[in-house]
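Trainee: Need the 3D shape of this:
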Amino acid sequence: MPWGVKKNTVYERGANYRIMDEFSLFAVEAGSDQLYLTARINRIGGSAAATADPMCAAAAAVLQSRGMRILNERVFGTLDFYETYARIRERFPDFAHRPFSYIEGAPVRGDGLSGIQIHAVRPVSDTNPGILYDGRHPCGSVWRQDGATFVYLTGLHGIGNGSRNGGSQASSMFKTMRRILASQSADCRSVVRTWIYLADILDWYDTFNTVRTEEFKSIGLIAGPGEGSDMDPGYLPASTGIGGYNPAGSFCYGDVLAVSGDVRVSVLQGTRQPSAYSYGSAFSRGVCIEGKECRQVFVSGTAAIDPYGRSLYPHDAEGQIRTTLEIVEELIGGKGAKFEDIASATLYLKRAGDWSVYEKLAGKLDLMKLPAVFVIADVCRDELLFEMDAIAVVR
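Mentor: This next block holds a predicted model:
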């Protein structure tokens, strides 16, 4: 469906039916007890608030019809719309009182809300899934099912240490992550995915990478000095590291997913790009979680980078978008997935004007129904204009 056509549609496996105007809602099952919902704003005119209300209502209706509860909710929009969205979502019991993360990511057209991404699960009891608290502050959710435990930390940041230094706040954020996971008898070795958003990313991305590497060394994910620390660690979580401000005013902010128990976890292997660790970034290209009913393939934030870690097609949006899509296709293909298996994705454009470039390519590749949210965001290198992350589900 071309961007801007005023049809609100819920896309499901084997179903396609109309809801209202100005947004699209995608619902993709991950087995019988998990669901990914992606709501994408298609608005050209009208107010963001007038669109957000029916969008939340439509998402709540899908959750109720499936008997699902929200495990994690991630929202992209302009910061001046944060309080409005928070008020709107509280009107719906399926959303109310549950933690959510809100990241600056303006829509490619208009202002206000870009979209929401939800990972929902079938409840086991009234308290499972349950909300996690850090003191009195809701900070995530935990769900235990069939011998596996999923722990989401939501809207994590490091501003609580009082520092106005990015590196110090990043270190504090990772320490908070360790502390909350420990409260759930989990540790950082069970972390499979992080989504991290950095204010003024181009000013301190190298510092952030240094802090993350040192934190991962401290917990044993990376070998320490004299222990083969120059070698690829073999396993690191998948991650997105992208520009974006947040309502807390922290230099860094994000979500964490830790999975343990009766699941198999493996790292995605591709030939198009080197290990990110080879050029100073401590994350894997992607991670696959294999449960009893399906595989969930988490693709890290991916941009047009060559096998030597160099940026391809500098400042060329078309070349970068095409190359990024090819790299993502290869990564998920290693786990038996295709683009039509993508359950949720985020596409980051540095320049709003490059949306038309993506739209043209996506039309040729039949990707206009991709369950993706499109946001304007700064990428980690000045010459990079496009980045994509994704979750694919293979039954």
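Trainee: how about low-confidence regions in the stretch 1-150 of the chain?
Mentor: 1-21, 43-46 (pLDDT under 70).
Trainee: so where do the strands sit in it?
Mentor: 9-12, 15-18, 23-29, 34-41, 69-77, 101-104, 113-121, 130-134, 137-145, 148-157 (DSSP state E, counting those that start in this stretch).
Trainee: The last one pairs with which strands?
Mentor: The one in question is strand 148-157. strand 137-145 (antiparallel), strand 252-261 (antiparallel) (DSSP bridges).
Trainee: For that strand, could you pull out the residues that count as buried?
Mentor: For strand 148-157, burial by neighbour count (16 or more other CB atoms under 10 Å) applies to T149, F150, V151, Y152, L153, T154, G155, L156, H157. Where C-beta positions appear, they are placed from N, C-alpha and C, glycine not excepted.
Trainee: With just CA atoms, put that strand into PDB.
Mentor: The C-alpha trace of strand 148-157 is given here as PDB (Å, rounded to 0.1, in the frame of the first residue of the first chain):
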ATOM      1  CA  ALA A 148      11.700 -20.000  29.100                       C
ATOM      2  CA  THR A 149      12.000 -16.600  30.700                       C
ATOM      3  CA  PHE A 150      11.700 -13.300  28.800                       C
ATOM      4  CA  VAL A 151      12.800 -10.200  30.700                       C
ATOM      5  CA  TYR A 152      12.400  -6.800  29.000                       C
ATOM      6  CA  LEU A 153      13.900  -3.700  30.500                       C
ATOM      7  CA  THR A 154      12.100  -0.600  29.100                       C
ATOM      8  CA  GLY A 155      13.300   3.000  28.900                       C
ATOM      9  CA  LEU A 156      16.600   2.200  30.700                       C
ATOM     10  CA  HIS A 157      18.900   5.200  31.200                       C
END
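Trainee: What residues are bridge-paired with the residue nearest the centre of the chain?
Mentor: Note on the chain: the residue nearest the mean C-alpha position is W195, at 5.3 Å, using CA atoms, centre = their mean. With DSSP bridges as the criterion, W195 is bridged to T240, D255.
Trainee: quick one, what contacts it?
Mentor: Residues near W195 by CB atoms under 8 Å, 6 or more residues apart in numbering: R74, S101, S239, T240, G254, D255, V256, D389.
Trainee: Kindly report the same for S260.
Mentor: A148, T149, A186, S190.
Trainee: As CSV, the strands of the stretch 1-150 of the chain with distance to S250 would be great.
Mentor: Below are the strands of the stretch 1-150 of the chain laid out as CSV (distance: least, CB to CB, whole Å):
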stretch, distance to S250
strand 9-12, 35
strand 15-18, 40
strand 23-29, 29
strand 34-41, 25
strand 69-77, 16
strand 101-104, 11
strand 113-121, 20
strand 130-134, 14
strand 137-145, 14
strand 148-157, 4
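Trainee: one step back: out of the strands paired with strand 148-157, which gets nearest to G309?
Mentor: G309 lies closest, by CB to CB, to one member of these: strand 252-261, at 22.8 Å.
Trainee: I'd like to know which elements the helix or strand that that closest one is followed by is packed against.
Mentor: Under the assignment DSSP states H and E, the closest C-terminal helix or strand after strand 252-261 is strand 264-267. Using 3 or more CB pairs under 8 Å, 6 or more residues apart in numbering; DSSP states H and E as the contact test, the elements touching strand 264-267 are strand 286-290.
Trainee: Next, the buried residues of the strand it packs on.
Mentor: G286, V287, C288, I289.
Trainee: Can you tell me the strand partners of the very next helix or strand once past that strand and which way each runs?
Mentor: Where DSSP H and E defines the elements, the next helix or strand beyond strand 286-290 is strand 295-302. Applying DSSP bridges, strand 295-302 is found paired with strand 286-290 (antiparallel), strand 386-394 (antiparallel).
Trainee: got the contact list for the very next helix or strand once past strand 295-302?
Mentor: Per DSSP H and E, the first helix or strand lying C-terminal to strand 295-302 is helix 317-333. Defining contact as CB under 8 Å, 6+ apart, one finds that helix 317-333 is touched by 268, 270-273, 285-286, 297, 299, 302-304, 312-313, 338-339, 341-342, 349, 351, 354, 357-358, 361, 365, 367, 384-388, 390, 392.
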